[in-house]
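Undergrad: How does the following fold in three dimensions:
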Amino acid sequence: MRLLPCRQAGCAANVEGYGYCPKHKSDNDRTRDLVRQRYNNRSWNAKCGMAPAVKARNPMCQKLHVVNGRLERCHNPSYLVHHRWSPRARPELFLSVYDEKRISNLIALCATCHPADAGTPDWVEARDGDPVPPGGGNGNFFVRTEFEIHL
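TA: Residues are numbered from 1 along each chain as shown. Got it, this is the predicted structure:
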């Protein structure tokens, strides 16, 4: 295996493969990133966390695709939960299913429909089968997140 520089900026150590030296393996930019830490938190990831709860209530991908002038829901199972508002831009909405306008913030998506972008506040909430709105919006539509808790 090739020796490559440690991924930690400024470190001169070489490691086998692509990664961090022993000194930086547990203390690096990635582990100090506060947003990443929130994704590894029990309130997000655990069996009873927010991500599994959103996927359980929305088992099918919520992305809507334009097909013959109408919006059609993706048929893939949901795989992950996407933040419409990036946690870096709006950290107070990290665990919020809806934003202050009651528009879905957490959206269950399949891996294919998940965007590379961090946050997509321009996405539009719509219904499966609706005609494409005049002007077509930005072409990014999704079904409202279902998240009712019955006590």
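
Undergrad: what about the chain, any weak spots by pLDDT?
TA: 1, 27-33, 136-138, 148-151 (pLDDT under 70).

Undergrad: Please repeat the previous calculation with a cut-off of 50.
TA: 150-151 (pLDDT under 50).

Undergrad: At the geometric centre of it, which residue do we find?
TA: His82 (2.3 Å; C-alpha atoms, centre = their mean).

Undergrad: That one against His114, yeah?
TA: Yes - in this structure, His82 is within contact of His114 by C-beta atoms under 8 Å, at 5.8 Å. (Each C-beta comes from the backbone N, C-alpha and C, glycine too.)

Undergrad: now the helices for this protein?
TA: 29-32, 34-39, 42-45, 50-57 (DSSP state H).

Undergrad: most tightly surrounded among the ones you listed?
TA: Between the helices of the chain, helix 50-57 has the highest mean count of neighbours, a mean of 17, where neighbours are mean count of other C-beta atoms under 10 Å.

Undergrad: Check what contacts that one and list those residues.
TA: 43-46, 78-81, 95, 97, 106, 108, 145-148 (C-beta atoms under 8 Å, 6 or more residues apart in numbering).

Undergrad: now swap in stretch 85-104 and tell me
TA: Against stretch 85-104 from outside (C-beta under 8 Å, 6+ apart): 35, 38, 43-44, 50, 54, 62, 83-84, 105-106, 118-119, 121, 125, 142, 144-145, 147.

Undergrad: before we move on, the earlier item: the residue nearest to the centre of the chain: what's it in contact with?
TA: Per C-beta under 8 Å, 6+ apart, neighbours of His82: Leu106, Ile107, Ala108, Leu109, His114, Pro115, Thr120.

Undergrad: Recalculate using a threshold of 10 Å.
TA: 54, 62-63, 104-109, 113-115, 117-120, 123, 142 (C-beta atoms under 10 Å, 6 or more residues apart in numbering).
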